[in-house]
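Peer 1: fold the stuff below for me.
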Amino acid sequence: MDSRRNPDNNKRVRSFSSTSTPSPVARSSKKSKPHSDSLYITNYSSTMADTDTGFASPHHSQTGQNPGISNQLLSQTMVQSPQMVPMVQSPQMVPMMNYQQPSGSTLTNNDIKRIAIAVREILLPDIGNIVDKHIAPLFNRVSSLEAENAELRLKLDDLEQYGRRTLVRFSGFPENEREDTTSTVLDAATSCGVDLSVDDIERSHRVGKAGRGKPRQIIMRLKSVDSKFKLLKSSRNFRNESSFKGISVNEDLTRYRDELAFLARRLVRTKSILQTWTTNGKILVKDKSSRLHTIRTEHDLVPFGHVIDMPNDHPM
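Peer 2: Okay, here's the model as predicted:
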């Protein structure tokens, strides 16, 4: 019988295609599962060598594969086979990751210092340019905002002091549980000849926390600024009476101005200045040359020997 007409023989003489006959690598993967990534590389290298030279490898002889497999077919088989993926993770594919510097070429500390100095000299001009271009404008902006903030604080302090223009504070009056502060002040003023009448007073009360072993101050709101000036001018008469020598009267100042007045009085005690007082909310000092100075900020006291220890609430 003619073998060409036999269907079985037709299967044997059928031409090779990538869809009908698996590649040697794919066929070997079906037989046994490789145990390491190196086996994939070995099979692949051997197959490539056999294909390029045209000679069949022992692997080809065992499987009966035609030695004339094209490189294109082999590459397609390698991509389609999931067992080829571990080749990427094989240490043989990335030999530089396990590279170690030879022992004879190690860097000394002097070498590292020289490298650091060279890098610094290279980067220093660029860093200076960055500072001049980006950081310096920000620094100038912050300084401008701080100056503006200080000016606004002073204006706010002026407004607050203006609202206190008719207030006075009395210190040294003994404190009782059920007392009338207005009557207490009027009795003392009448005894000492202080210019103060009931028509000048709007209201009064104690300020501060009680129970500190010291009598609290009495704050009084007068009906006019003129009444305040008359009271302050005649308040020295309290010193003429022995029973009221500890009484003092002062303008009601803002917290910031009260701190400045305290610092100015401390300079008087150290004999750095001759005298200090307040008038209409302004703090005045007289230096050793009898010249008057208006104190607006803590820095104004520095020429008289004051030392700024800590930042103030008003950074000026």
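Peer 1: how is the chain carved up into domains?
Peer 2: As assigned by automatic domain parsing, the chain contains the domains 13-93, 107-164, 166-252, 254-316.
Peer 1: averaging pLDDT over each of those domains, which comes out lowest?
Peer 2: For those, mean pLDDT drops lowest on domain 13-93, to a mean of 45.
Peer 1: how about the helices in the protein?
Peer 2: For the chain, applying DSSP state H gives helices covering 7-13, 24-31, 37-53, 58-63, 71-80, 109-130, 136-162, 181-192, 225-234, 255-269.
Peer 1: for stretch 230-249, give me every contacting residue.
Peer 2: Residues outside stretch 230-249 that contact it (Cβ atoms under 8 Å, 6 or more residues apart in numbering) are 168-173, 188-189, 191-196, 200, 222, 250-251. No exception for glycine: its C-beta is placed from N, CA and C like everyone else's.
Peer 1: from those residues, list just the buried residues.
Peer 2: 168-170, 172-173, 188-189, 192, 194, 196, 200, 222, 250-251 (16 or more other Cβ atoms under 10 Å).
Peer 1: what about the closest residue to Thr270 other than its chain neighbours, distance to Ile273?
Peer 2: Sequence neighbours aside, Gly305 is the residue nearest to Thr270 in space, at 7.2 Å (criterion: Cβ to Cβ, 6 or more residues apart in numbering). Gly305 sits 8 Å away from Ile273, going by Cβ to Cβ, to the nearest Å.
Peer 1: who's more crowded, those two?
Peer 2: Ile273 (21 against 12; other Cβ atoms under 10 Å).
Peer 1: contacting residues around the more buried one?
Peer 2: Here Ile273 is in contact with Ala264, Leu267, Val285, Lys286, Asp287, Lys288, Phe304 (criterion: Cβ under 8 Å, 6+ apart).
Peer 1: also Arg216?
Peer 2: Neighbours of Arg216 in contact, by Cβ under 8 Å, 6+ apart: Glu175, Arg206, Val207, Gly208, Lys209, Ala210.
Peer 1: most surrounded residue in those residues?
Peer 2: Neighbour max across the contacts of Arg216 (other Cβ under 10 Å) = Arg206, 16 neighbours.
Peer 1: ok, now which ones touch that residue?
Peer 2: Arg206 touches Glu175, Thr181, Arg216, Gln217, Ile218, Ile219, counting by Cβ under 8 Å, 6+ apart.
Peer 1: the second one reaches Val207, doesn't it?
Peer 2: No. Taking contacts as Cβ atoms under 8 Å, Thr181 lies outside contact range of Val207: 10.2 Å.
Peer 1: identify the contacts common to the two.
Peer 2: Ile218.
Peer 1: count the neighbours of Leu292 for me.
Peer 2: Neighbour tally, Leu292, other Cβ under 10 Å: 9.
Peer 1: Thr279: how many residues sit nearby?
Peer 2: Going by other Cβ under 10 Å, the residues that sit close to Thr279 add up to 10.
Peer 1: the closest residue to it other than its chain neighbours and Val198, how far apart?
Peer 2: Ranked by Cβ to Cβ, 6+ apart and with sequence neighbours excluded, the top spatial neighbour of Thr279 is Glu251, at 7.8 Å. Glu251 sits 21 Å away from Val198, taking Cβ to Cβ as the criterion.
Peer 1: next one: Gly246
Peer 2: 24 Å.
Peer 1: quick one, which of those two is more surrounded?
Peer 2: Neighbours were counted for Gly246 and for Val198 using other Cβ under 10 Å; Gly246 has more, 13 against 8.
Peer 1: which residues touch Leu253?
Peer 2: Gln161, Arg164, Ala261, Thr278, Gly281.
Peer 1: Throw the contacts of Ile273 into CSV and include distance to Thr106, thanks.
Peer 2: Formatted as CSV, the contacts of Ile273 follow (distance: Cβ to Cβ, whole Å):
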residue, distance to Thr106
Ala264, 69
Leu267, 67
Val285, 71
Lys286, 76
Asp287, 71
Lys288, 72
Phe304, 66
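Peer 1: out of those, who's nearest Lys133?
Peer 2: Set against Lys133, the nearest of these by Cβ to Cβ is Phe304 (42.5 Å).
Peer 1: distance of Ala118 relative to Asp111?
Peer 2: Distance from Ala118 to Asp111, counting by Cβ to Cβ: 11 Å.
Peer 1: I should have written Val307 there, sorry.
Peer 2: For Val307, the distance to Asp111 - Cβ to Cβ - is 50 Å.
Peer 1: of these two, who's got more company?
Peer 2: More crowded of Val307 and Asp111, by other Cβ under 10 Å: Asp111, with 10 against 6.
Peer 1: ok, Val119 - how many residues close by?
Peer 2: Other residues near Val119 come to 10 when the count uses other Cβ under 10 Å.
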